[in-house]
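In: Would you be able to build a 3D model of this:
(6 chains)
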Amino acid sequence: MRNTTLEYDVSKAAELAREGKRLDGRALDEMRELTIETDFAKNAEGSTMVTLGKTKVMAGLKMGVGMPYPDSQDEGAISVGAEQLPLAHPDYESGRPSDNEVELARVVDRGLRESKAIDFKQLCIKEGEAVWVGYLDFYALNGDGNLFDSGSIAALVTFANAKMPKLDKDNRIIQKEYSGKIKLARFPLLTTFAKVGGKVLLDPTYIEEKASEARFSVATSDDGFMTAMQKGVGGSFTLEEVNYMIDLAFKVADNTRKKLKLK
Amino acid sequence: MRNTTLEYDVSKAAELAREGKRLDGRALDEMRELTIETDFAKNAEGSTMVTLGKTKVMAGLKMGVGMPYPDSQDEGAISVGAEQLPLAHPDYESGRPSDNEVELARVVDRGLRESKAIDFKQLCIKEGEAVWVGYLDFYALNGDGNLFDSGSIAALVTFANAKMPKLDKDNRIIQKEYSGKIKLARFPLLTTFAKVGGKVLLDPTYIEEKASEARFSVATSDDGFMTAMQKGVGGSFTLEEVNYMIDLAFKVADNTRKKLKLK
Amino acid sequence: MRNTTLEYDVSKAAELAREGKRLDGRALDEMRELTIETDFAKNAEGSTMVTLGKTKVMAGLKMGVGMPYPDSQDEGAISVGAEQLPLAHPDYESGRPSDNEVELARVVDRGLRESKAIDFKQLCIKEGEAVWVGYLDFYALNGDGNLFDSGSIAALVTFANAKMPKLDKDNRIIQKEYSGKIKLARFPLLTTFAKVGGKVLLDPTYIEEKASEARFSVATSDDGFMTAMQKGVGGSFTLEEVNYMIDLAFKVADNTRKKLKLK
Amino acid sequence: MTEQNVDYKKTKKRLDGRKMDETRPLKIDVGVIPNADGSAYLEWGQNKVYAAVYGPREALPKHSANAYKSVIKVEYRMTSFSVPDRKRPGPNRRDQEISKVLSEALSRAVFVEQFPNTEIGVYVEVIDSNAGSRVACLTAASCALADAGLPMRDLVAATGVGKAYGELVIDLNKDEEDAPDAVDIPIAILPNSEEIVLLQMDGLLTKKEWEKIAKLGIQGCKDVYAIQKEALQKKFKLGEASKKDLGKKTKKKVKK
Amino acid sequence: MTEQNVDYKKTKKRLDGRKMDETRPLKIDVGVIPNADGSAYLEWGQNKVYAAVYGPREALPKHSANAYKSVIKVEYRMTSFSVPDRKRPGPNRRDQEISKVLSEALSRAVFVEQFPNTEIGVYVEVIDSNAGSRVACLTAASCALADAGLPMRDLVAATGVGKAYGELVIDLNKDEEDAPDAVDIPIAILPNSEEIVLLQMDGLLTKKEWEKIAKLGIQGCKDVYAIQKEALQKKFKLGEASKKDLGKKTKKKVKK
Amino acid sequence: MTEQNVDYKKTKKRLDGRKMDETRPLKIDVGVIPNADGSAYLEWGQNKVYAAVYGPREALPKHSANAYKSVIKVEYRMTSFSVPDRKRPGPNRRDQEISKVLSEALSRAVFVEQFPNTEIGVYVEVIDSNAGSRVACLTAASCALADAGLPMRDLVAATGVGKAYGELVIDLNKDEEDAPDAVDIPIAILPNSEEIVLLQMDGLLTKKEWEKIAKLGIQGCKDVYAIQKEALQKKFKLGEASKKDLGKKTKKKVKK
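Out: Okay, the predicted model is just below:
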């Protein structure tokens, strides 16, 4: 029953795309409505709930104290995880991270890490001895496509708003006391496209993802850099399509940053 | 073949219970014969074999040296594990701990730990640096019901009889040398009931567990405390039934302690 | 299709063996052609590719710095792993080590370790504080039988040729700088036989292994010692057969060492 | 954070200002996860949990199916940031045990016999916590089952009850769970029949104390029940008239 | 615990007082686990092991079945407290290898061809140990198979044999396994045909030494065999007349 | 090993002496693993990788099958000794992601629609590495697919491209990947249509730089393509005439 409806919707989405239309009436280059809520989780150093159309993703940050890596004695680190909770979609399963979850986590992670948005030196507590490790985990609560962008927004906003815990003299965290914030050097956001019926669609829904031949994500920052790219799914893009998507991504991410008052 | 016999026995057990009778002729509030054997495992700091009717459970304790937890620098710890060995019953399987094994271990653990039967300060070796960790593992060798109570007896008797290893000056264990015992502040024991055919039965067999609508266990100590409760299986109890079981459990556990000369 | 051919070949191998013949025309006590290539992996401290007929196995060594075991404060250690890569045979699967892989690794390991071929004291960096750990992993690249002997050769040659990394003053490895070699006290090699059609065959192929009733491996060293034995598969050997195989193994291993210029 | 010298017999009110028999503020929203067959979001003091129900659907793996009833499979999980010290990914033994007792508590409430060979997946996720997350999840899960239109004997209403700083109290928070004399008792009932479907206990308690606590707990569950019913009615009033006859529905197709 | 200066050539007897060809005290009880189809408990010096047999039963997962014979699956395990340093839960690589070689050794003894597409589960658990636990388990498992009434070519009898402190000895204990010149050789045979079904070796040994050791080992296995037969006869005398004709039975129903 | 003061704008050539648009030496041998349906060995600078193809064969587990096409399953793995610090056994998250993107890149090249309900297993193993192992593996895997005689739209040709020490460069090595301004972009195309089937990026790059890099990358892929074709032709010339008509074959039996 569900599968029959789904198959119908999927082929309908491809058919519509060929005519430049979408199931939900959006333009091909139109993003769904975006809202966010922050700091709902009091045990977290930061937390953000992102709603993008019917997609709902939440992120939370816990700061821990760890040893520095041998080759970067004065730098802290971050770790990013992603889970498609089984409560978010009938297709999601619990268990060890799926290929999709691993890719999702790693692309969001790279968008933040390789962009040097966070200067890891500010996460040093004592050189060679103790550093901060930021554990950022995000979770799909309702899956309706484009977990990349919603996860990227949730992660960035969480870091932007996070409070740093206080430490006692033995470098142990004092619960519920905070000191300062994490400074971000730039604010990179992912923008994701699906190729459906030969056309490029911004911010695909779950149905559009099912209908897609290929996927492309690019992270762009407020100071004009591309900071990550990732092509996915079994099809291909022309170089022209890639360049079109990059240009559009810069605009979309700027709009989002403006809306969210990032920087 | 086995399943047909089993199904027959299970429905027979429920039918008999309705008339206040049991397959093995016991009264509803009657425990099976209990015998124990101690210190059979020379490599263990303590070991106990419990036979309860046809159920056979063995426990053994190994003491190790570890670091204290950050929030209890002068206290040792215990860790309790339970395994339903595949040699004990055709239904038992090896592999990661099943839900039943985890519940079994945790309920026996709580009966000991939360009752403060063991003062963890006596397990401190050097504050903030080294403490004893008591690893108590128990195993079903023949499964015929009520692993909760047989496991609880095996665990308590093992701790009550355990020898403490000696340490050298670097806090390393000297093999086969011992010094002193673990002192117990009280002697809590679990008592478990099954609701079968609408009646409450003490010390259920495997067949009676299969026939049961609900299960209830309560740990009671020699100094008059309830120290743990756990309701299990998909049915329910009335408050009157719970109160009846608690009263009976105090008597049953007192008898068992007397028989086993605990305290 | 493949299975039909395979079944035919397997029964043919048994039939031929009964007449003292083999599918590939070899004599029962004849080894396949052996070639080796060393030091192809520049990131490894040593590496060896062994080709034995169509069987291809590669081994590589990485040296790491670790803590000594409590009961051998002045000795390093080795760790041997074996993987039947899925690229090497349609029957091989990825995932946790199979029984065959574990046995393979452990028999090759024992042939080296228990023979005292490597004096672990030479792997001590600072007594009680830091020692070398040699991680030797070997991989089947094309599986056509007798991974035991090809793995044993690959492992021994790798240790014999390995370069020791240099350490800085904090006992951290300096990349791409080396100092000295690991000295071997003897050069033990495994020799493996299969019992097929009631006859004992040296150096079995994959088909012959499939046809075998029993397997026997013995490690023999250049100074006249047997250093490991392992009987496998569900059948049996007479003591006479075992003695015959041991005598032959001494000759075969001597030939191999001569060919490989070991010692 | 333990408060060693607190004495509720003297203070007459609790560390957070509550009366001994007062439950923390409780808020329930039903139907919050569009993809799910039923869902609920619940805030209970600092606890925040989501619950979603999928099913009845084909039981997988097949050997997990029961020919006489639907199997309710609860997965209780906590996000990594829902506790003071980061929780590592993957279920631990505590999660596994809680999932089991919640499954058993809900099995009594649903007419599982009507859906043989199926499973009902119930997923509960704790996103913030401060003692009592399992009873919060059970309360939410029960609303999600009702929201899914499943035929039910009754809702399951749950609460924590126990002892802290010298007094018997309802709905312990974290500071109270850390009291030197703390006893924590998660309890759940079917409110109409007062059948007990969940009962666990930790700590040292006399039978006398238990008898008082049991009454307090059952009353607490009934207070929770009132809020559950309100949340469900609120949703049904908002236009979902077809799902109104809660507890009476008996026909529901099983998805394949 | 290693004794560096011991010399068995001088002492003429072993650290524990035994003669060079003397096996530690060995005791076997058959039929000790009521739920199992066959079982045995064995004490061999300080070693204490249980063995239980379930089957032949349907082979699971199905692709593990063999159309020509029953598959014998041995699981060798040790309790956490059976060794001086606590053993962590779950099988390690040593357990995995031992399980494999024990399965292979037992396969020769049972007429597995009579039960195609089935498995025979053999579970052995070490509860105390002091060198030689694998041969203790194999000896016990073989008795458990006979106790289960399975048709057998012969029992499997096993022992340890090797070298310690300068002498060739049978049934090494832990102190001897730790000798500087220790060689440990687990060996198992079908005693009537003297077929070797298990043979492993560690250490440095000449061919000459091996030839003497092999004889010692085969004699040791035969001594064990006598005790195995006694244990089985004892049980059958105690009333289980119907199971008497050990090794001749050919009809046994497979449980589904 | 990072070289902080290097400036390619001044040096005009790279640390290893290459020109900015020069690929490291690349060598491909096809048909190197006899058991495989297709295989290739590739050396690319210090990188050394094996690729093997098995299939099309029955997709397992069955629910992984697709009724419309063959599923290409790539497993990207590295030996423990292929990197400076020993790699622990078992796939990590990086291996898992790379396996996924390689599978997706190859899916476009093979006419997978011709083999519904099957899988094509592609196994790539890195035995030595120095930046660029994923594009080396993709290049090798594509040759192995052709060697297996699978009908293909085109080969997949891949390379690395990006930025290091102030210049845009092709085929970065490890020293360049560690540059302070390093940007690494694995890219793969079907050379005849210039369709992009793999594209990833790390680092900070302007759109202008990207446009130059894209051209460089596509040219680099085409250089690789020439070597791939040569390797395949070399093998076919050596007697395997029947496999010559690469890309036109449409009949291939599926093994069960």
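In: From here on, just use CA atoms for contacts and neighbour counts.
Out: Will do.
In: where along chain A do the strands fall?
Out: A:34-38, A:46-52, A:55-66, A:77-84, A:124-126, A:130-142, A:163-167, A:173-181, A:189-196, A:199-202, A:214-220, A:226-232 (DSSP state E).
In: got the ones you listed as TSV, with mean pLDDT, distance to chain E and mean neighbour count columns?
Out: Shown next, in TSV, are the strands of chain A (pLDDT from 0 to 100; distance: least, C-alpha to the nearest C-alpha, whole Å; neighbours: other C-alpha atoms under 10 Å in any protein chain shown):
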stretch	mean pLDDT	distance to chain E	mean neighbour count
strand A:34-38	98	43	16
strand A:46-52	98	37	25
strand A:55-66	97	26	26
strand A:77-84	97	28	22
strand A:124-126	95	36	20
strand A:130-142	97	29	24
strand A:163-167	95	35	18
strand A:173-181	90	32	13
strand A:189-196	98	41	28
strand A:199-202	98	46	24
strand A:214-220	98	37	27
strand A:226-232	97	35	26
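In: Tabulate the ones you listed (CSV), appending distance to residue C:31.
Out: Below are the strands of chain A laid out as CSV (distance: least, C-alpha to C-alpha, whole Å):
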stretch, distance to residue C:31
strand A:34-38, 71
strand A:46-52, 66
strand A:55-66, 55
strand A:77-84, 52
strand A:124-126, 61
strand A:130-142, 57
strand A:163-167, 68
strand A:173-181, 65
strand A:189-196, 58
strand A:199-202, 62
strand A:214-220, 53
strand A:226-232, 49
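In: So which of these is nearest chain F?
Out: Of all the strands of chain A, it is strand A:226-232 that lies closest to chain F, at 4.4 Å by C-alpha to the nearest C-alpha.
In: Now for residue A:83: which residues touch it?
Out: A:97, A:101, A:137, A:138, A:139, A:140 (C-alpha atoms under 8 Å, 6 or more residues apart in numbering or on different chains).
In: try 10 Å
Out: A:57, A:92-98, A:100-102, A:104-105, A:137-141, D:79, D:89 (C-alpha atoms under 10 Å, 6 or more residues apart in numbering or on different chains).
In: what bridges to it?
Out: Beta bridges link residue A:83 to residue A:139 when assigned by DSSP bridges.
In: and the gap between it and residue A:93?
Out: 10 Å (C-alpha to C-alpha, to the nearest Å).
In: One more: residue A:19?
Out: Counting by C-alpha to C-alpha - residue A:19 and residue A:93 are separated by 35 Å.
In: Type out the PyMOL command that picks the buried ones from the contacts of residue A:83.
Out: The PyMOL selection below is limited to those of the contacts of residue A:83 classed as buried (16 or more other C-alpha atoms under 10 Å in any protein chain shown):
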select buried, (chain A and resi 57+97+98+101+102+104+105+137+138+139+140+141) or (chain D and resi 79)
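In: Was I right to think residue A:122 contacts residue A:134?
Out: No: if you go by C-alpha atoms under 10 Å, residue A:122 and residue A:134 don't touch, sitting 11.8 Å apart.
In: Mutual contacts of these two, please.
Out: With C-alpha under 10 Å, 6+ apart as the test, residue A:122 and residue A:134 both reach residue A:76.
In: From the opening residue of stretch D:51-69 to its closing one, how far?
Out: 22 Å.
In: touching chain B at all, it?
Out: No: judged by C-alpha under 10 Å from any C-alpha of the partner chain, stretch D:51-69 stays clear of chain B, getting no closer than 11.8 Å.
In: what about that stretch, near chain F?
Out: No: residues of stretch D:51-69 contacting chain F under C-alpha under 10 Å from any C-alpha: none, with a closest distance of 12.2 Å.
In: for chain D, which residue is closest to the average position?
Out: residue D:138 (1.9 Å; C-alpha atoms, centre = their mean).
In: wait, what's in contact with that residue?
Out: D:49, D:51, D:74, D:76, D:98-99, D:101-103, D:105-106, D:124, D:144, D:156-159, D:188, D:198.
In: Show me these that map onto strands.
Out: D:49, D:51, D:74, D:76, D:124, D:157, D:158, D:159, D:188, D:198.
In: Run a quick neighbour tally on residue A:8.
Out: 12 (other C-alpha atoms under 10 Å in any protein chain shown).
In: Quick check: the gap between it and chain E.
Out: 37 Å (C-alpha to the nearest C-alpha, to the nearest Å).
In: out of everything not next to it in sequence, what's closest to residue D:6?
Out: Nearest residue to residue D:6 in three dimensions, chain neighbours excluded: residue D:165, at 6.1 Å (C-alpha to C-alpha, 6 or more residues apart in numbering or on different chains).
In: Likewise for residue D:187?
Out: residue D:199 (4.6 Å).
In: so that neighbour makes contact with residue D:218?
Out: No: using C-alpha under 10 Å, residue D:199 makes no contact with residue D:218, being 11.3 Å away.
In: any common contacting residues for those two?
Out: Common neighbours of residue D:199 and residue D:218 (C-alpha under 10 Å, 6+ apart) are D:158, D:187, D:188, D:189.
In: Please indicate which of the residues you listed has the highest neighbour count?
Out: Ranking the shared contacts of residue D:199 and residue D:218 using other C-alpha under 10 Å puts residue D:158 first, with 35 neighbours.
In: what about the helices in the stretch 51-200 of chain D?
Out: D:93-107, D:133-147, D:174-177 (DSSP state H, counting those that start in this stretch).
In: May I see the ones you listed organised as TSV, with distance to residue B:168 and mean pLDDT added?
Out: Output for those, formatted as TSV (distance: least, C-alpha to C-alpha, whole Å; pLDDT from 0 to 100):
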stretch	distance to residue B:168	mean pLDDT
helix D:93-107	35	98
helix D:133-147	45	98
helix D:174-177	39	96
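In: so what pLDDT did the residue of the stretch 101-250 of chain A at minimum distance from chain E get?
Out: Closest approach between the stretch 101-250 of chain A and chain E, counting by C-alpha to the nearest C-alpha: residue A:102, at 27.5 Å. Looking at residue A:102, its pLDDT is 98.
In: Isn't it up against residue A:148?
Out: No: judged on C-alpha under 10 Å, residue A:102 makes no contact with residue A:148 at a distance of 11.6 Å.
In: can I assume residue D:165 is in contact with residue D:172?
Out: No: between residue D:165 and residue D:172 there is no contact under C-alpha under 10 Å: 11.0 Å.
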